[in-house]
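Enquirer: model the following, please.
(chains A and B, ligands or ions: 2)
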Amino acid sequence: MPIEVKNITFTYMPGTPYEHQALRGVSFTVEEGAIVAIAGHTGSGKSTLIQHFNGLIQPTTGQVTVDGVDLLGRDKKSKAAAKEAARKVGMVFQYPERQLFAETVYEDIAFGPLAHGLTAKEAALRVREAMSQVGLDYESYRRRSPLELSGGEGRRVAIAGILALRPKYLVLDEPTAGLDPRGRKELLGKIKELSLKQGMAVVLVTHYMEDIVALAKRVVFLRRGEIILDDAPRRAFLQREALKEAGLKPPRTVALINRLSEAGLKIPRGVLTVEEAAEAIYQSLSPRQGERQQRVK
Amino acid sequence: MLNDIALGRYFPGNSLLHRLDPRIKIVLLFLFLAIIFLWVNSLVYLALGSMTAALIFTAKIPLRMVATSLKPLWWIILFTFLLHFFGTEGEGIFQLGSLTATWEGLKQGGLITFRLALLIILSALLTFTTDPLALTDAIESLLSPLKRFGVPAHELAMMMTIALRFIPTIIEETDRIIKAQESRGADFTTGNILTRVKNFVPILVPLFIAAFRRADDLATAMEARCYRGGEGRTRLRRLQLGRLDYTACGVSALIVGGIFLLTQWGII
Ligand SMILES: Nc1ncnc2c1ncn2[C@@H]1O[C@H](COP(=O)(O)OP(=O)(O)OP(=O)(O)O)[C@@H](O)[C@H]1O
Ligand SMILES: [Mg+2]
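Expert: Ligands and ions are numbered 1, 2, ... in the order given. Below is the predicted model:
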């Protein structure tokens, strides 16, 4: 069963002069095991939307369900059920390394499992597992202070802190922001691995179209609190109007192919990765058999 | 959840009150606060109340925000009222246990409550209609005569400016950290006092780290732009008294003088 967002609106600070409607009728589903990217201009409501997925904020109107359970518990019993359902959603905020607080990496990652009532022994198991999932060596990192880690290491620790809860859905708000190219690639690789090996569903908020190319099977464009497009990246990036409206630029590969095509080259569209782009350019530049023979003569 | 705080909110506008020199606003505010303290008299309060209402109306401050400004002190206001209502000698209205509510208490309590509300609303009007930056400029300017006695007026004002600037940022940051830790299963609402205090560690530690880092960054940024305190600094916006300010002073003087004379002659 999926996360289902049914026609929600959300208004910040209603009834004050600072009132602001951040979401206007958004409907959206995250299927089990899917990798979905959410992209949009700054202030388009991405962070607001994902905070609904584990009940951190409740929609002003509309409904959010996780595996069929409404996250808005109305009475005591349904509240407990809502809390239980929300736990299946692991939420990694923007710059998550800034929320580390414990004295050691181990304690920080164990915080979630212990808070959820696991025994120390079970928690230890979870910490090991989570650290290996994000590619941190257990022995060399567990005793270190989170404060003395680099940004990239800190981010992995923070993500491990969420993975230790074994979420069924993993939601990440700009996980690669501020990382160097290699750190970004490694992190994206780990996320992909989680999805493939554990069947974890991943929702990824990002400003980097290259991240979407590397990871997502589906991409959603938000503009001023509305979804303007929900499609496979391959098709989505060809929608120039939608991209422009959402304030986004296509990935560099797509932009290059577009330019070549505009310059008069006959070239197949719907290209996504660097390899595909190289292949397409090669194909369109190498003259066809017949033409070549003609020229030789 | 933390966003609902109306603390020190500024409502941009162009009313008389908005255009008044912030120094004059501060001085006049203190003048009227003093009057409210000195004359406990229903007619005086009625006059000042109407003046306040007129100011709120012309400054186009939403009434809801005016009410919100009273919210933090709501309990104190209620308590004061009840204290007078039940604690004043006089003709009884009804009995509650050993306590007697009296007509005199009702009158006295009403008066005191009105006075408290007036104090708060007038002060709130200052922050509602004054840009925080203008406010700190004004405070610096008003304190500057004290520089001779070693009061660091500029530094105090700068500290206030910075603090004001960072309040929203820190509120936002706190909100985010709370949400992040809640997502990891932190619980801030159950347990006894001790566990609850302990539960705040995951919020306080990141918050302090962030605050220190930010302070450090800010200090570096200020030094990089050669900031060295108030000595010899000129201003982009200079405060200058205009006709409006003199008029406001004149009108206030008339109000105060009028009240003074009326009470002297025993009319009110
Ligand atoms: N706590 C808040 N109080 C009031 N308004 C808010 C709050 N948080 C966000 N907003 C407003 O809601 C809108 C959507 O914000 P949101 O954080 O969801 O944007 P975003 O798409 O995540 O942007 P970014 O890419 O910059 O992270 C913005 O216009 C923002 O100003
Ligand atoms: Mg955001």
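
Enquirer: what about stretch B:92-107, distance to the chain center?
Expert: Offset of stretch B:92-107 from its chain centre (C-alpha atoms, centre = their mean, to the nearest Å): 33 Å.

Enquirer: buried ones in it?
Expert: B:100-102, B:105-106 (16 or more other C-beta atoms under 10 Å in any protein chain shown). For glycine as for every other residue, the C-beta is placed from the backbone atoms N, C-alpha and C.

Enquirer: with stretch B:106-113 instead?
Expert: For stretch B:106-113, by 16+ other C-beta under 10 Å, it's B:106, B:108-109, B:111-113.

Enquirer: for the residues you listed, which one is nearest ligand 1?
Expert: B:T113 (33.0 Å; C-beta to the nearest ligand atom).

Enquirer: which SS state does the closest one fall under?
Expert: With DSSP: H, G, I helix; E, B strand; the rest coil as the basis, B:T113 sits in helix.

Enquirer: so what does A:P2 look like in phi/psi?
Expert: Torsion angles at A:P2 (phi, psi; degrees, to the nearest 10) stand at phi -100, psi 180.

Enquirer: show me which residues of the stretch 101-250 of chain B are close to chain A?
Expert: B:176-177, B:179-187, B:201-203, B:205-206, B:209-210 (C-beta under 8 Å from any C-beta of the partner chain).

Enquirer: would you show me how to pick out the buried ones of the residues you listed in ChimeraX?
Expert: Here the buried members of these are turned into a ChimeraX selection, burial being counted by 16+ other C-beta under 10 Å:
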select /B:176,177,179,180,181,182,183,184,185,186,202,203,205,206,209,210
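
Enquirer: residue 60: how many residues sit nearby?
Expert: With no chain named, the answer covers chain A. 14 (other C-beta atoms under 10 Å in any protein chain shown).

Enquirer: you looked at the wrong chain, it should be chain B
Expert: For B:K60, the neighbour count with other C-beta under 10 Å is 14.

Enquirer: list the contacts for it?
Expert: B:K60 makes contact with B:11, B:13, B:15, according to C-beta atoms under 8 Å, 6 or more residues apart in numbering or on different chains.

Enquirer: I'd like the distance between the nearest residue to the first one once chain neighbours are set aside and B:Q240.
Expert: Counting by C-beta to C-beta, 6 or more residues apart in numbering or on different chains, B:F11 lies nearest to B:F128, which is 5.2 Å off, once chain neighbours are set aside. With distances defined as C-beta to C-beta, to the nearest Å, the gap from B:F128 to B:Q240 amounts to 23 Å.

Enquirer: how near is B:L119 to B:I162?
Expert: B:L119 is 28 Å from B:I162, by C-beta to C-beta.

Enquirer: related to what we said a few turns ago, helix or strand for the residue nearest to B:F11, which one?
Expert: Assigned by DSSP states H and E, B:F128 belongs to helix B:103-129.

Enquirer: if we can go back for a sec, quick one: the residue nearest to B:F11 and B:L63 touch, right?
Expert: No: taking contacts as C-beta atoms under 8 Å, B:F128 lies outside contact range of B:L63: 11.8 Å.

Enquirer: looking at those two, which one has more neighbours?
Expert: B:F128 (25 against 10).

Enquirer: closest one of the buried residues of stretch B:92-107 to B:A54?
Expert: B:L106 (27.4 Å; C-beta to C-beta).

Enquirer: just to check, the closest one is in contact with B:F85?
Expert: Yes: in this structure, B:L106 is within contact of B:F85 by C-beta under 8 Å, at 5.9 Å.

Enquirer: any common contacting residues for those two?
Expert: By C-beta under 8 Å, 6+ apart, no residue touches both B:L106 and B:F85.

Enquirer: for the stretch 51-200 of chain B, which spans come out with low pLDDT?
Expert: For the stretch 51-200 of chain B, no stretch has pLDDT under 70.

Enquirer: can you give me the strands for it?
Expert: Assigned by DSSP state E, counting those that start in this stretch, the strands in the stretch 51-200 of chain B fall at B:92-96, B:99-102.

Enquirer: chain A too?
Expert: A:3-12, A:20-30, A:35-40, A:61-66, A:69-70, A:89-92, A:169-173, A:201-205, A:218-223, A:226-231 (DSSP state E).
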